[in-house]
Every structure is written in structure tokens, then in C-alpha cells.
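Visitor: Build me a model from this:
(one chain, ligands or ions: 1)
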Amino acid sequence: MRVERNIAMNPIPLPIIDLRRAAAVLLLILAAAFLAFPMTEGAAQTVNPTAQSVQEEMLFEELQGPIAGRVSIPNERAGTLIAPENRDWSNMRRGTLFTISMVAIVGALVVLTAFYLIKGPAPIEAGRSGRTILRFNGLERFAHWLTAVTFIVLGITGLNVTFGRRLVLPLIGEDAFGTLSIWMKITHNFIAWPFMLGVLLIFVLWVRDNLPAKEDGPWIRHFGGFFTRGMNIPAWRFNAGQKGIFWAVVIGGAAMSWTGLVLLFPHLAETLGGWQTAQSLHGVIAAIMVAIILAHIYIGSIGMEGAFEAMGSGEVDLNWAKEHHSLWVEEELGRGAARPDTPKGSPATASR
Ligand code: HEM
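Guide: Here you go, the predicted structure:
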């Protein structure tokens with residue numbers, strides 16, 4: 001396989017529309033949307049604001065506690081008229097989960113947009129070399145895009161559960177929202193399977209390169225040199241930041257998979273409370289993962305010159321690779337006792 005080839009064959013860079021201006025508008029819209037939605041709207045009330053009489057107020061207070069009786073059918077749970085823990089769970093979904101998701105996702109978008117406006121894309125400091133090195137082979141790219149595409153579909157269809165009733169329903173009406181939500185739910189339940197396969201593949205392919213290394217310490221201390229122009233911290237195939245993304249995807253993906261399976265097959269949770277815990281965890285972990293992945297997508301696309309090619313054609317510019325993964329480049333080129341500037345066609349061009 002080749003390490004080097006002519007720059008003329010590199011993919012065309014991402015289209016440049018006035019991205020900064022577009023990003024500024026997006027930032028304003030997001031900030032406005034964030035402020036416009038009351039976070040706890042829709043959560044069940046514990047005070048009755050419309051009580052007309054003392055009796056009504058007393059009845060309302062009475063209904064806050066558990067109310068259970070006896071039933072003569074085998075299903076004993078049918079004897080419970082009001083179970084406060086179910087209301088707590090419902091409040092958690094409509095209040096706390098909504099707030100956490102909103103803050104995590106909108107917060108990440110605002111921070112990334114601001115970062116882009118202030119700093120702009122990180123350039124290849126030395127400019128493009130005109131030679132490329134194979135970074136990810138076909139199987140690795142397949143595993144990445146399988147996980148990425150399914151994650152995005154799961155994110156959109158899943159967030160409809162958290163946000164849809166308050167953000168989408170008022171825009172499209174009940175009928176359309178009902179149909180949309182049913183299709184989203186079906187899509188979500190089916191796409192979960194290829195996502196699990198993707199996470200498993202990613203784990204198997206990349207776990208070896210994502211184990212801790214002593215070089216991770218300096219990378220973390222200097223935040224990868226991301227805020228200091230010209231500072232490149234030596235790293236192997238994955239730097240400490242990427243290792244963080246990898247483990248977030250693997251551990252978060254496993255947690256999402258398990259809690260999702262519990263939601264699909266409720267008997268896996270022995271009690272109703274267990275099922276409710278799985279549901280809450282599924283929502284909270286999803287929001288955190290979406291926020292983390294938004295940052296990853298930013299760096300892998302518009303945030304860093306030359307990065308996308310790693311998952312596009314699979315080959316990155318040699319200067320990009322030297323600046324971000326110098327130890328890995330040395331190792332790769334050293335495999336054939338080669339030097340980085342070895343001319344095209346030499347034995348050193350053998351790569352992964
Ligand atoms: C759709 C937008 C996405 C883009 C443009 C993108 C881009 C990239 C790029 C360029 C790399 C290679 C970085 C390098 O060469 O070092 C990468 C790696 C990776 N991606 Fe993505 N990605 C996207 C979505 C996702 C999603 C949704 C997930 C998982 C849920 C994901 C998980 C990973 C993992 C685990 C790695 C390896 C670790 C790392 O480099 O951070 N990616 N991605």
C-alpha cells in the first residue's frame with residue numbers, strides 16, 4: 001500500500017461559504033431558543049394553582065401521596081391508584097432530563113460556534129507537504145461511518161422523545177407529530193442494532209491504540225497545544241483527546257446499548273423502578289454523548305484543516321500527520337527503515 005502520492009489527487013477541501021457569518025447567526029438563534037423555553041414547563045405540579053376551595057386543596061394534597069387498595073384479580077399492581085415514584089419519574093423526564101439535555105446540547109453548540117468565531121479552523125502550520133500517509137484503512141472507515149451515521153439517526157430520533165412535544169409539536173400539529181414520532185420510534189429501535197455492531201467493531205479495531213501512554217500526560221497538561229499556535233505535542237496514533245472520545249464512545253455506547261435493551265425488553269429490569277432508572281440513564285447519557293460528539297464532529301470537519309481526509313479518503317497529508325501524531329508517523333515510516341522524505345515508490349512507502 002502507498003504512503004505517498006501527489007497532492008493533486010487530494011480531495012477538494014470543504015466548501016467555504018461565509019461560515020463565520022453563518023455561525024454567528026446560528027449562535028444568536030441558539031441563544032434565543034435557549035432562553036425562550038422554560039425548562040420545567042410540563043412537569044407535574046405539587047401545588048394546585050387553581051384550587052377553588054380548602055377541600056379542593058386538601059384533595060390535591062391527598063393525591064400527592066400513595067393511594068392503594070385491594071383488588072381481586074391476580075395483578076396486584078392494579079390496586080395502586082397513585083404511586084408517587086411514578087410521578088417523580090415523569091417529573092424527572094419532563095423537567096430534569098429536559099434541562100440537562102438542553103444545557104448539554106445547546107451549550108456545546110454555543111461553545112463550539114464561539115470557538116470557531118474566535119479561533120477559526122486550526123491550520124496545518126507547515127502547509128501541505130504534497131505527500132500523504134494512509135491513516136485509516138477501508139474496514140476502519142466502514143466501522144467509523146457505520147457508528148457515526150447510526151449515532152446521528154439515533155440522536156435525532158431519540159431527542160424527539162425528550163424535546164419533540166415541546167419543540168416540534170407546536171410547529172407541526174398533533175397529527176403530523178404523532179405520525180412522525182411513531183416512525184422515529186420504529187427507526188430508533190431498528191437502527192440501534194447496527195450502532196451496537198459499529199461500537200463493537202470500533203472497540204476491536206482501535207482498543208490497542210487507545211490504551212494509556214506516558215505521552216498522554218504532557219498532551220493533557222498543554223491541552224494538545226490547541227490554544228497555543230505552533231505547539232505540537234508528540235502523540236502516537238491517537239492523542240489523549242482522541243482516546244477520551246474513543247472511551248466515551250465505547251463506554252457510553254455500551255451503557256446506551258444496555259439501557260436501550262432494557263427499554264425494549266422490560267423483563268431485563270426486574271422491577272418497574274429498575275426500568276425507570278434505565279430510561280432516565282438512557283436519556284442523560286445520550287445528552288452527554290451528543291454534546292461530546294458535537295465537539296468531535298467540529299474538530300473532525302471544519303475545526304481542523306486536513307483532519308476530515310483521515311475518514312474521507314483514508315489518507316492524510318504528511319505534515320498534518322507529523323504535527324498531530326509525530327510518534328505514530330515515525331513508527332509508520334520506520335517500518336521500512338524509511339525517512340519521511342523518501343521519494344515515491346521506495347520500499348518505505350509500505351504502510352498499514
Ligand atoms: C458525522 C460527523 C463526523 C465526522 C466528520 C467525523 C470525523 C472523524 C475523523 C476525521 C476522525 C479521525 C481523526 C484522526 O485522524 O485522528 C474520526 C475518528 C473517530 N470518530 Fe468520528 N466523525 C464523525 C462522527 C462520529 C460519531 C457520531 C462517532 C461516534 C458516535 C465517531 C467516533 C469516532 C471515534 C471513536 C474516532 C477515533 C477516535 C478519534 O479520532 O477521536 N465519529 N472521526
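Visitor: Show me what the helix or strand harbouring residue 316 pairs with in its sheet, parallel or antiparallel.
Guide: Per DSSP states H and E, residue 316 falls inside strand 315-317. Strand pairing for strand 315-317, using DSSP bridges, gives strand 132-134 (antiparallel).
Visitor: Now do the contacts for the residue of the chain found nearest the ligand.
Guide: Using Cβ to the nearest ligand atom, the closest approach of the chain to the ligand is made by residue 300 at 2.7 Å. C-betas here are computed from N, CA, C, even on glycine. Counting by Cβ atoms under 8 Å, 6 or more residues apart in numbering, residue 300 touches 307-308, 310-311.
Visitor: for the protein, what helix or strand is lowest in average pLDDT?
Guide: helix 19-36 (a mean of 69; mean pLDDT, DSSP states H and E).
Visitor: what is the mean pLDDT for the strand holding residue 316?
Guide: This predicted structure assigns strand 315-317 an average pLDDT of 96.
Visitor: quick one, phi psi at residue 130?
Guide: Main-chain dihedrals, residue 130, degrees, to the nearest 10: phi 90, psi 0.
Visitor: Count the residues that sit near it.
Guide: Per other Cβ atoms under 10 Å, the neighbour tally for residue 130 reads 14.
Visitor: again, but for the one 3 residues further on
Guide: When neighbours are counted by other Cβ under 10 Å, residue 133 registers 28.
Visitor: Please tell me how far it sits from residue 285.
Guide: 35 Å (Cβ to Cβ, to the nearest Å).
Visitor: again with residue 112
Guide: Distance from residue 112 to residue 285, by Cβ to Cβ: 20 Å.
Visitor: what about these two, which has more around it?
Guide: Each of residue 112 and residue 285 has its neighbours counted (other Cβ under 10 Å); residue 112 has more, 21 against 17.
Visitor: now the more buried one, nearest residue through space, not along the chain?
Guide: Spatial nearest neighbour of residue 112, chain neighbours left out: residue 298 (4.8 Å); criterion: Cβ to Cβ, 6 or more residues apart in numbering.
Visitor: buried residues in the longest helix seen in the chain?
Guide: Selection of the longest helix in the chain by residue count, based on DSSP state H, yields helix 174-206. Across helix 174-206, burial judged by 16 or more other Cβ atoms under 10 Å covers 177, 180-181, 184, 187-188, 191-192, 195-196, 198-203, 205-206.
Visitor: okay, now the residue nearest to residue 216 when sequence neighbours are not counted: neighbour count?
Guide: Nearest in space to residue 216, with sequence neighbours left out and distances taken as Cβ to Cβ, 6+ apart, is residue 240 at 3.9 Å. If you count neighbours by other Cβ under 10 Å, residue 240 ends up with 20.
Visitor: what does residue 323 give?
Guide: Around residue 323 there are 22 other residues, counting by other Cβ under 10 Å.
Visitor: Can you show me the helices along this protein?
Guide: Under DSSP H, the chain gives helices at 19-36, 54-62, 84-91, 98-119, 138-167, 169-172, 174-206, 216-221, 240-264, 272-300, 318-324, 326-334.
Visitor: who in the protein is up against the ligand?
Guide: 135, 144, 147-148, 151-152, 202, 238, 242, 245-246, 249, 293, 296-297, 300-301, 307-308, 310-311 (Cβ under 6 Å from any ligand atom).
Visitor: and those, which are buried?
Guide: By 16+ other Cβ under 10 Å, the residues of the chain next to the ligand give 135, 144, 147-148, 151, 202, 238, 242, 245-246, 249, 293, 296, 300, 307-308, 310-311 as buried.
Visitor: For the longest helix of the chain, what is the distance to the chain centroid?
Guide: 14 Å (Cα atoms, centre = their mean, to the nearest Å).
Visitor: same check, this time on stretch 252-263
Guide: 14 Å.
Visitor: what comes into contact with it?
Guide: With Cβ under 8 Å, 6+ apart, stretch 252-263 has contacts from 147, 192, 195-196, 199, 268-269, 274-275, 278-279, 281-282, 285-286, 288-289, 292.
Visitor: thinking again about what came up before, taking helix 138-167 as reference, get the angle to the longest helix of the chain.
Guide: Helix 174-206 runs at 150 degrees relative to helix 138-167, counting by axes from the mean of the first three to the mean of the last three Cα atoms, to 10 degrees.
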